[in-house]
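Novice: here are the coordinates; sequence isn't available:
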């Protein structure tokens with residue numbers, strides 16, 4: 001796993017940034033992948049025995065371009081996970097935030113809280129195949145008010161070329177950039193993406209096949225239903241528009257087809273599905289083109305039945321089994337987002353500006369991809385701290401009162417430690433305690449200074465020139 005992480009960073013670390021910045025970026029990814037509880041630039045700097053201000057600067061201020069990193073991630077995902085019938089999935093996700101000083105923060109719908117509140121919103125692109133699934137790119141959404149606020153834009157360093165773009169406009173940008181590299185047969189997304197008839201129209205214009213969730217209140221005309229009887233005068237009557245949930249409620253039990261989608265953790269995943277040809281009402285209350293309405297229902301553990309509604313431009317001959325496969329595959333990206341937030345701290349950051357947000361998001365996507373790849377290769381799914389600690393424990397050291405005046409020692413040889421019972425610390429990545437050295441300044445690939453210390457491990461501090469204790473020795 002560690003070799004995989006190192007190989008992943010190596011192709012672009014030297015060419016994308018200066019060696020120093022490349023080392024900090026690598027350490028940041030490794031820190032996100034570690035078991036440190038609160039993962040930010042400061043704690044990760046402590047983890048690697050680095051200057052925290054330098055780490056903060058690399059993540060939040062240095063103007064290195066994150067796009068080559070995203071490009072390398074997309075290339076690797078396409079090469080390793082790509083299949084002809086794969087899915088590209090667009091999924092907006094919100095991060096609750098306090099105040100209004102951070103880039104893009106506004107009172108807007110926050111799905112995580114289930115209400116309108118202060119948050120940042122990113123539109124994510126994920127890839128799903130039978131092999132695995134991964135998040136590969138993101139765009140930060142700036143609402144119209146934010147995008148037109150020049151003082152706030154300048155304060156947060158938003159590039160001049162960035163203009164207001166709806167969430168549905170950000171998705172095609174990522175599709176145009178990465179679609180050729182990621183083999184796919186479907187575009188999928190939740191009802192926030194599917195509700196826009198303009199977005200569906202853009203996908204049809206690109207000759208992309210989509211299956212997008214829509215709200216239960218979506219109005220459709222069933223093209224396979226019998227129209228009302230003709231009275232002999234005027235235009236022939238047509239089937240009236242109706243909400244998809246009401247159309248579904250009128251179906252008989254014999255209209256549903258039972259499908260076993262795939263094996264699940266608790267047995268086969270079974271759903272029931274139905275489809276029909278419809279015209280959906282557009283955003284401007286006009287009749288749209290012919291689409292397929294697909295409805296899936298699934299029994300829940302509490303005894304209720306959940307219904308999900310989708311519109312697609314696929315051929316009417318497309319089987320319900322294929323539709324069901326796509327809908328369940330689309331849900332894997334939501335799982336990716338939840339894992340990335342919990343394991344790679346996708347939403348845990350202390351940056352306010354445009355550059356910092358994109359740097360953190362990009363490096364978090366890299367960490368999440370390595371974590372998912374490790375899981376697919378047979379790694380454990382959860383962090384079991386009973387088996388491994390963040391750092392190897394040593395016998396309890398003798399602790400000395402702190403003194404904040406003395407400078408931090410640069411060498412254990414020149415500043416002998418005053419703590420007893422200590423040992424050479426080891427590093428923890430994921431669930432594994434390892435002596436593998438992280439990149440450092442001393443010898444290029446594996447140099448690591450001798451006075452290793454961090455915020456969440458045994459800290460042994462040294463005497464000053466007069467023999468007095470200069471730092472606290474503590475064990476977390």
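Specialist: Great, that's in hand. This structure is a prediction, so every number in the text was calculated from the model and none was measured.

Novice: and residue 310, what helix or strand is that in?
Specialist: Element membership for residue 310, per DSSP states H and E: strand 305-312.

Novice: partners of that strand in the sheet?
Specialist: strand 210-214 (antiparallel), strand 287-299 (antiparallel) (DSSP bridges).

Novice: winner for burial among the ones you listed?
Specialist: Among the strands paired with strand 305-312, strand 210-214 has the highest mean neighbour count (mean count of other C-beta atoms under 10 Å), at a mean of 24. Using the backbone N, CA and C atoms, a C-beta is placed for each residue, glycine as well.

Novice: now that one: mean pLDDT?
Specialist: Averaged across strand 210-214, pLDDT comes to 97.

Novice: next helix or strand past that strand?
Specialist: Per DSSP H and E, strand 210-214 leads on to strand 219-222 as the next helix or strand towards the C-terminus.

Novice: Now do the next helix or strand after that next one: everything it contacts.
Specialist: Counting by DSSP H and E, the next helix or strand C-terminal to strand 219-222 is strand 242-243. Under the contact criterion C-beta atoms under 8 Å, 6 or more residues apart in numbering, strand 242-243 has outside partners 216-222.

Novice: Please report phi then psi for the nearest residue to residue 360 once chain neighbours are set aside.
Specialist: Once flanking residues are discounted, residue 360 sits nearest to residue 349: 4.4 Å by C-beta to C-beta, 6 or more residues apart in numbering. When read as degrees, to the nearest 10, the backbone of residue 349 gives phi -150, psi 160.

Novice: Also residue 362?
Specialist: phi -60, psi -50.

Novice: Name the SS class of the residue nearest the centre of the chain, please.
Specialist: Nearest to the mean C-alpha position of the chain, by C-alpha atoms, centre = their mean, lies residue 337 at 4.2 Å. For residue 337, the secondary structure call by DSSP: H, G, I helix; E, B strand; the rest coil comes out as helix.

Novice: Show the contacting residues for the closest residue to it other than its chain neighbours.
Specialist: Of all residues not flanking residue 337 in the chain, residue 93 sits nearest, at 5.3 Å (C-beta to C-beta, 6+ apart). Counting by C-beta under 8 Å, 6+ apart, residue 93 makes contact with 111-112, 121-122, 124, 337.

Novice: ok, now how distant is residue 93 from residue 135?
Specialist: 10 Å (C-beta to C-beta, to the nearest Å).

Novice: Can you work out which residues contact both of those two?
Specialist: With C-beta under 8 Å, 6+ apart, residue 93 and residue 135 have common neighbours 124, 337.

Novice: averaging pLDDT over each of the strands paired with strand 305-312, which comes out lowest?
Specialist: Taking the mean pLDDT of the strands paired with strand 305-312, strand 287-299 comes last: a mean of 93.

Novice: ok now it, how far from the chain's centre?
Specialist: 28 Å (C-alpha atoms, centre = their mean, to the nearest Å).

Novice: rewinding a little: hang on, the residue nearest to residue 337 in a helix?
Specialist: No: if the criterion is three-state DSSP, then residue 93 is strand and not within a helix.

Novice: any idea how far it lies from residue 352?
Specialist: 19 Å.

Novice: just residue 225 next, same as before
Specialist: In terms of C-beta to C-beta, residue 225 sits 54 Å off from residue 352.

Novice: Mind jotting down where the helices sit in this protein?
Specialist: Assigned helices in the chain, in chain order: 2-16, 19-32, 41-47, 52-60, 67-81, 144-147, 150-156, 167-178, 191-194, 197-205, 244-249, 320-343, 354-376 (criterion: DSSP state H).

Novice: How about the fourth one, which residues are buried there?
Specialist: Going back to what we said before, that points to helix 52-60. Within helix 52-60, the residues scored as buried using 16 or more other C-beta atoms under 10 Å are 54-56, 58-60.

Novice: Of these, which is the nearest to residue 343?
Specialist: The shortest approach to residue 343 among these belongs to residue 59, at 18.5 Å (C-beta to C-beta).

Novice: Looks like the closest one contacts residue 353 (just checking).
Specialist: No: look at residue 59 against residue 353 with C-beta atoms under 8 Å: they stay out of range, at 10.4 Å.

Novice: Low-confidence regions, this protein specifically.
Specialist: Scanning the chain with the threshold set as pLDDT under 70 gives 1-19, 21-22, 24, 33, 263-267, 374-476.

Novice: now do 50
Specialist: Applying pLDDT under 50 to the chain flags residues 15, 380-476.

Novice: Give me the residues contacting stretch 142-154.
Specialist: By C-beta under 8 Å, 6+ apart, stretch 142-154 touches 103-104, 106, 108, 158, 162-165.

Novice: That'll do, ta.
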